[in-house]
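Asker: Okay, predicted coordinates and the sequence, questions at the end:
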Amino acid sequence: MVTLYLAQIVNSGLALGAVYGIMALGFSLIYNSSRLINFAQGELLLLGGLTLFSLSQAAHLGPLTALLAAGGCGYLLGRLLFATTLGLSINASPLRQLMLTVAASLCWQGVAILVWGKNPLLLPQLLPIPELRAGPIFLSRDTATALTLAVCSVLVLSLILGYTRIGRAIRAVSMNAVAARLQGVNPTTCRALSFAMAGALGALAAMAVGPQTMLRYDMGLGIGLKGFVAATIGGYTSLWKVFFGGLALGALEAVLVLVFSGELKETVTYALLILLLILAPHAGGHGERS
Amino acid sequence: MVKRGVLTFLCILLFALPAFAAEEPILIGGLFAESGPAAFVGTPSRLVAEMTVKQINDAGGVLGRPIKLVIYDTESKPDVALRMARQLVESDHVLAIIGPTSTGSGMAVKKYAEEKNVPVIMTVGGDPVIAGGKYGPYAWTFKTPQRTSTAVRKVYEYLKAHDVKKVALMTAKDAFGQDGLDHLKSLAPEFGLEVAAEETFDPKGSDFSAQAFKLGTEKPQAVIIWTIGPAGAIAAKNFASLPGDKPLVVECHGQPGPEFLELAGPAAEGVIMPGTKLMAPDSLPAGDPQKAVVEKFVKDYSENGIQAKFPLNTHSGYAYDALILLQAGLEKAGKADPAALRDALQQLTGVPGVSGVFTITPEDHNGLSTDSLIMLLVKDGAFTPAK
């Protein structure tokens, strides 16, 4: 019985944890490049997923086209978000920038209601990843897909940031924007790009979460905040730490739900956020990316 | 002088006109949830009610008078439903009310209608509106959807016939789910069933795999999910993705409809649920008293363009039945008077509607038995009668 429970905790913890991990990566990217908590991160997931849903209804999407479509949609949504929030207020006070992302989140939610309605929509499983079984460990199809997407996202992202010119530029801006500018890096381009990459990550997270919990207009805020908690646990600076922050949060939620009850989950998650913010107020605050 | 004469003539004409008009219409109030969470049931109910009234009027009306519906939106909120009921009774002076849509609104309207002695034929799912006892008297309140206990009995009859002994229950934490849980638990012994485990869930949630897993560890032969809306499809999905042996998944009578099939996708295969005969009109035998009514309703539903906007589901016929009962009651009463209408409604026997054949008594203000439901099985992405 205990092994059964443990196996289920691993299965459902990893399924949502992987999604939180991807969301947390997006948070960290934007936070590091722009010192901004992006409250519209969940809406990037929502609209990315819904657009993908419409595409999958209109045409048959193979695994590769689905990934490219998700990346492309997310990229464009990220650029749009940047153009309508931070791009307009690059010199404004951080509070104003923050409020702009909150406003954007609500606007995008409204768009989702107007275009796709209030009923949940089931995003089909677009990647042909089978379920995995190894002894007592069982990973359902949803979990395996979410985990694969998440690990690949971290790998690709760390390659981009570590080994490409533009990746180095983004890291330079996140360490010291003024110094980077003196070296000929355009910080605005880098920030726009980090929004776009966060958008692509959001759409990939939608591919992971859509088949699990369906897509509904009001899911953005909740899942975005979970991403924020995960990023705070991970400390914003290292991609892998942030990603494992997501997995840890997912596992914690699975334990709470399975051993206690579903009500406790939200309360404990957000209580944890309060604790983290009080105990480590500078978690990543002076974030030097390693 | 001439001008004045013309004016006088016009005035006389104006006041005299109503007397020349056809018989004055019978005013009936309509309360439907056209916005809010129950709108997916309320909005098509309104369209069905309007369609039905038009049909009744085209056929000569009732007691030689046309019916006129005065419709308000309850916004799926009990307080709004009550306010609108007051308006219908006190300023529009309606004879009777059709609706509202959800159980919570129904309870709010019922209390008022009982005080004011206004007959109300509700289209709500929950039993409390006509349960009496601690829920208050129901002398003026009727409802067309099957009782929860009727649906539970239908499910249990099926399970008993298929040698199921051990069930698990998964019910929503709202009034509808609670009502289901009460009846599921109290009726289980009667059918020789053991309730091995029970879990509840938030019907607005998006993932119930934890509850599904916990119920699965008790190894029940069947699990019964009691909720309306998308949560039922999510729960079916969660059970389908459990590893190992899966129990038979049974949904409640609020689920049959295209939305369930769409949302649950492949997980819907093999799920069974009780539904009205509306969900499998082709399978009705020629002798079924409802066959003609159901077939005509399905045809009218699509010809009036409602099918295109709100594909037929198990709730579609309840507003139609409410109006058919009202018509039969008025004809039996012979006059448009609330008390006479109420008394006549209580004596209706064998009125064939879309949801069943109604036989109402002063004790039973619903009048449907388990015969009015059929068990449906999802097979190849469509509802078929379960064997």
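Answerer: Structure's in. What do you need?
Asker: Quick one: mean pLDDT for stretch B:142-153?
Answerer: Regarding stretch B:142-153, the rounded mean pLDDT is 93.
Asker: How about residues contacting it?
Answerer: Stretch B:142-153 has contacts (CB atoms under 8 Å, 6 or more residues apart in numbering or on different chains) with B:106, B:119-127, B:129-130, B:179-180, B:183-184, B:187, B:252-253, B:274, B:276, B:315, B:318-319, B:321-322, B:325, B:345, B:353, B:355-356, B:358, B:360, B:365-366, B:368-370, B:372-373. All C-beta atoms are positioned from the backbone trio N, CA, C, and that covers glycine.
Asker: Which parts of chain A are helices?
Answerer: A:2-34, A:41-58, A:63-84, A:94-116, A:141-163, A:165-175, A:177-182, A:187-213, A:219-234, A:239-259, A:262-279 (DSSP state H).
Asker: Please render the ones you listed as a markdown table that adds mean neighbour count and distance to chain B to the earlier fields.
Answerer: As requested, the helices of chain A are exported to a markdown table (neighbours: other CB atoms under 10 Å in any protein chain shown; distance: least, CB to the nearest CB, whole Å):
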| stretch | mean neighbour count | distance to chain B |
| --- | --- | --- |
| helix A:2-34 | 25 | 5 |
| helix A:41-58 | 24 | 11 |
| helix A:63-84 | 20 | 17 |
| helix A:94-116 | 16 | 12 |
| helix A:141-163 | 19 | 7 |
| helix A:165-175 | 18 | 34 |
| helix A:177-182 | 14 | 39 |
| helix A:187-213 | 26 | 4 |
| helix A:219-234 | 24 | 7 |
| helix A:239-259 | 22 | 4 |
| helix A:262-279 | 13 | 7 |
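Asker: Go through those helices and name the closest to residue B:216.
Answerer: Among those, the nearest to residue B:216 by CB to CB is helix A:2-34 (9.0 Å).
Asker: can I get the helices of chain A in CSV with distance to residue B:48 and mean pLDDT?
Answerer: Formatted as CSV, these follow (distance: least, CB to CB, whole Å; pLDDT from 0 to 100):
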stretch, distance to residue B:48, mean pLDDT
helix A:2-34, 41, 90
helix A:41-58, 28, 94
helix A:63-84, 39, 94
helix A:94-116, 25, 93
helix A:141-163, 38, 93
helix A:165-175, 58, 91
helix A:177-182, 62, 90
helix A:187-213, 32, 93
helix A:219-234, 32, 91
helix A:239-259, 40, 92
helix A:262-279, 36, 85
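Asker: Just put those helices in TSV and tack on distance to residue B:31.
Answerer: Below are the helices of chain A laid out as TSV (distance: least, CB to CB, whole Å):
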stretch	distance to residue B:31
helix A:2-34	40
helix A:41-58	33
helix A:63-84	42
helix A:94-116	25
helix A:141-163	41
helix A:165-175	58
helix A:177-182	60
helix A:187-213	34
helix A:219-234	31
helix A:239-259	38
helix A:262-279	33
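Asker: of those helices, which approaches residue B:243 most closely?
Answerer: In terms of CB to CB, the element of these nearest to residue B:243 is helix A:2-34, at 7.8 Å.
Asker: which helices and strands does that closest one pack with?
Answerer: Using 3 or more CB pairs under 8 Å, 6 or more residues apart in numbering or on different chains; DSSP states H and E as the contact test, the elements touching helix A:2-34 are helix A:41-58, strand A:137-139, helix A:141-163, helix A:165-175, helix A:187-213, helix A:219-234, helix A:239-259, helix B:209-217.
Asker: Could you dump those into JSON lines with distance to residue A:123 added?
Answerer: As requested, the helices and strands packed on helix A:2-34 are exported to JSON lines (distance: least, CB to CB, whole Å):
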{"stretch": "helix A:41-58", "distance to residue A:123": "5"}
{"stretch": "strand A:137-139", "distance to residue A:123": "19"}
{"stretch": "helix A:141-163", "distance to residue A:123": "11"}
{"stretch": "helix A:165-175", "distance to residue A:123": "30"}
{"stretch": "helix A:187-213", "distance to residue A:123": "3"}
{"stretch": "helix A:219-234", "distance to residue A:123": "12"}
{"stretch": "helix A:239-259", "distance to residue A:123": "19"}
{"stretch": "helix B:209-217", "distance to residue A:123": "17"}
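Asker: Tell me which of those lies nearest to residue B:381.
Answerer: Residue B:381 sits nearest to helix A:41-58 of all the helices and strands packed on helix A:2-34, at 15.9 Å, using CB to CB.
Asker: what separates stretch A:228-243 from the chain centre, distance-wise?
Answerer: Relative to its chain's centre, stretch A:228-243 lies at 11 Å (CA atoms, centre = their mean, to the nearest Å).
Asker: circling back to that earlier point, which ones among the contacts of stretch B:142-153 are found in helices?
Answerer: Taking DSSP H, the ones among those that sit in helices are B:106, B:179, B:180, B:183, B:184, B:187, B:318, B:319, B:321, B:322, B:325, B:345.
Asker: Can you check which of the helices of chain A gets nearest to residue B:90?
Answerer: Closest of the helices of chain A to residue B:90 is helix A:94-116, at 35.4 Å (criterion: CB to CB).
Asker: Just the C-alpha atoms of the closest one, please, in CSV.
Answerer: The C-alpha trace of helix A:94-116 is given here as CSV (Å, rounded to 0.1, in the frame of the first residue of the first chain):
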residue,chain,number,x,y,z
PRO,A,94,9.1,48.9,-11.3
LEU,A,95,5.7,49.1,-9.7
ARG,A,96,4.1,50.5,-12.8
GLN,A,97,5.7,47.8,-14.9
LEU,A,98,4.4,45.2,-12.5
MET,A,99,0.9,46.6,-12.7
LEU,A,100,1.1,46.6,-16.5
THR,A,101,1.7,42.8,-16.4
VAL,A,102,-1.3,42.4,-14.0
ALA,A,103,-3.5,44.4,-16.4
ALA,A,104,-2.2,42.4,-19.4
SER,A,105,-3.0,39.2,-17.5
LEU,A,106,-6.7,40.3,-17.1
CYS,A,107,-7.0,41.6,-20.6
TRP,A,108,-5.7,38.3,-22.1
GLN,A,109,-8.0,36.4,-19.9
GLY,A,110,-10.9,38.5,-21.4
VAL,A,111,-9.6,37.7,-24.9
ALA,A,112,-9.6,34.0,-24.0
ILE,A,113,-13.3,34.2,-22.9
LEU,A,114,-14.3,36.2,-26.0
VAL,A,115,-12.6,33.9,-28.5
TRP,A,116,-12.8,30.5,-26.8
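Asker: Residues in contact with it: which ones?
Answerer: With contact meaning CB under 8 Å, 6+ apart, helix A:94-116 is reached by A:34-40, A:42-43, A:46-47, A:50, A:53-54, A:81, A:84-86, A:88-89, A:215, A:217-218, A:220-221, A:224.
Asker: Also stretch B:186-198?
Answerer: With contact meaning CB under 8 Å, 6+ apart, stretch B:186-198 is reached by B:149, B:152-153, B:156-157, B:159-160, B:164-171, B:181, B:184-185, B:214-215, B:218-220.
Asker: List the buried residues for it?
Answerer: B:187, B:188, B:191, B:193, B:195, B:196, B:197, B:198 (16 or more other CB atoms under 10 Å in any protein chain shown).
Asker: No further queries at this time; thank you.
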